[in-house]
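Asks: here's my sequence, what's the structure:
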Amino acid sequence: MQEALGADIIMAFDECPPYPASPEYLKASIERTLRWLERSLKAKTRSDQALFAIAQGGIDLKLRRLSTEATVAFGTPGFAIGGLAVGEPKEGMYPAVELSTRLLPEEKPRYLMGVGHPEDLVASVALGVDMFDCVYPTRTGRFGYALVHEGRLNLKLTRYLDDPRPIEEGCDCYACMHYSRAYLSHLVRAEEMLAPRMISLHNLRYLHRLMGAARAAIQSGDYGGFAQDFARQRFGHEIPRWFTQALQAGGHW
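Replies: Presented below is the predicted three-dimensional model:
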């Protein structure tokens, strides 16, 4: 199916275990995923598609290491970190991300699957992650939530019905250029389909701009400053410990 779709990057078949899962289940899942990786590589026929392998292991660091080292041995063009952002606490997720990026080849793309919250993107980039995917910007948009630097706006709230400002000042997305918070809030409350479409469009553009700023900070050699500014704007004076530890582990704090 992936070959028929013609995607540039295709993924090996894997099992993403739930959280929580027993060590026995995680180990069986890792072994199954490795067998499926072998079969995926044998089934692949197109040379113009890059097949990425996926490492599992949940937040069990011993099993995460076992899975990652076995997966790296296949030498695929890129590697994905799977089995995270499935309900586990951040304090368990980020040590697993840090271990994974430390074991994965630096010269190949490292893809953290299913992660899309802005604070997770900033922390994970500090740890060496290159790529992400997530339903978060469109799922939140469907429920009337718009992403802004300070967090999220709940456009269902009455306070926005008389707010003439765009979702976010300075944003160049179509929604911000053409509609006010007041109009979008009215559309949300009326359950008009234009609302989730426009809010989702804004949320995607917000994440595009955030990642553009992250790339610029890396190129200028000041990712630490960028991450600190983001944290102050996002969290105020109560920056979560997991966020600080992730940036410290990445050497950018």
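
Asks: all strands of the chain, in order?
Replies: 9-11, 50-55, 78-81, 110-112, 131-132, 145-148, 151-154 (DSSP state E).

Asks: which residues does the fourth one contact?
Replies: Contacts with strand 110-112, where a contact means Cβ atoms under 8 Å, 6 or more residues apart in numbering, come from 52, 78-81, 84-85, 97, 100-101, 104, 124, 128-133. (Each C-beta comes from the backbone N, C-alpha and C, glycine too.)

Asks: now do 7 Å
Replies: 52, 78-81, 97, 101, 104, 124, 128-132 (Cβ atoms under 7 Å, 6 or more residues apart in numbering).

Asks: just the fifth one next, same as before
Replies: Residues from elsewhere that reach strand 131-132, judged by Cβ under 7 Å, 6+ apart: 109, 111, 112, 115, 116, 121.

Asks: contacts only, for the fourth one.
Replies: Think residue 115. 85, 124, 132, 134.

Asks: can I get the residues you listed in CSV with pLDDT and neighbour count?
Replies: Listed next are the contacts of residue 115 as CSV, based on pLDDT from 0 to 100; neighbours: other Cβ atoms under 10 Å:
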residue, pLDDT, neighbour count
85, 96, 22
124, 98, 26
132, 98, 20
134, 96, 17
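
Asks: I'd say residue 71 and residue 80 touch.
Replies: No. Residue 71 is beyond contact range of residue 80, at 8.9 Å (criterion: Cβ atoms under 7 Å).

Asks: hey, what's in contact with both of the two?
Replies: Contacts common to residue 71 and residue 80, judged by Cβ under 7 Å, 6+ apart, are residue 53.
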